[in-house]
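Novice: here are the coordinates; sequence isn't available:
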């Protein structure tokens, strides 16, 4: 069985004149990169724009790129674009925003428990969704970033540390504090979502 070439191998092939190699790199990085961006911006249309912008910027710099950690470099470009964007707009906390892409597209409401579709229940679900999104948006940027990289893009902590240019312990600490903040902020909601026999 032939081992799949690394991203760096594909990059080397592209530099030698094979345009298909770049298409393979884009496709292989699409899911983790897009999910990270979406986790940070919360809106699929904005995430699409940022993803395309990341690749426009990346292609301009690929000829000069010399590291052996291509995906980490792409995440750093995405991170900088998201930071730039966050300075220009307020977070959209709409519960109706789609999450995911392709066949997995859903809204945050999809993940809320079905407690009956009365107007009162639906209003309560919308409020819960807003509180969840607000809790995520209230995290310090470094913690929100670690949370999105780990939970949305499934990036290993070693790579997260490389992306943020910190130690693994610092990345782990940021995740710990992000989860602690979310647990504390959403504690009452979490208890209400538990079945009655599992509530304290």
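Specialist: Received the coordinates, thanks. Keep in mind the model is a prediction, meaning the values are calculated, not measured.

Novice: any weak-confidence spans in the protein?
Specialist: 1-3, 67, 89-126, 129, 190-200 (pLDDT under 70).

Novice: may I ask you to name the longest helix in it?
Specialist: helix 19-41 (DSSP state H).

Novice: what does it rub up against?
Specialist: For helix 19-41, contacts defined as C-beta atoms under 8 Å, 6 or more residues apart in numbering pick out 7, 10-11, 13-14, 44, 47, 50-51, 54-55, 59, 62, 70-71, 74-75, 78, 81-82, 85, 99-101, 144-145, 147-149, 151-155. For every residue, glycine as well, the C-beta is placed using N, CA and C.

Novice: mark which of those are buried, thanks.
Specialist: 7, 10-11, 13-14, 44, 47, 50-51, 54-55, 62, 70-71, 74-75, 78, 81-82, 85, 99, 144-145, 147-149, 151-153, 155 (16 or more other C-beta atoms under 10 Å).

Novice: returning to what we had before: and the contacts of helix 19-41, which of them are in helices?
Specialist: Counting by DSSP H, these contribute 7, 10-11, 13-14, 44, 47, 50-51, 54-55, 59, 70-71, 74-75, 78, 81-82, 85, 144-145, 147 to helices.

Novice: about what we covered before: ok, and for the longest helix of the chain, which residues are buried?
Specialist: 21-22, 24-26, 28-29, 32-41.

Novice: tell me the angle of it relative to helix 70-86?
Specialist: 40 degrees (axes from the mean of the first three to the mean of the last three C-alpha atoms, to 10 degrees).

Novice: chain center to helix 19-41, what's the gap?
Specialist: 12 Å (C-alpha atoms, centre = their mean, to the nearest Å).

Novice: which residue packs closest to the residue most central in space within the chain, ignoring adjacent ones?
Specialist: The centre of the chain sits closest to residue 36, judged by C-alpha atoms, centre = their mean, with a distance of 2.3 Å. Among residues not flanking residue 36 along the chain, residue 153 sits closest, at 4.0 Å (C-beta to C-beta, 6 or more residues apart in numbering).

Novice: same question, residue 57
Specialist: Using C-beta to C-beta, 6+ apart, the nearest residue to residue 57 is residue 77, at 5.6 Å.
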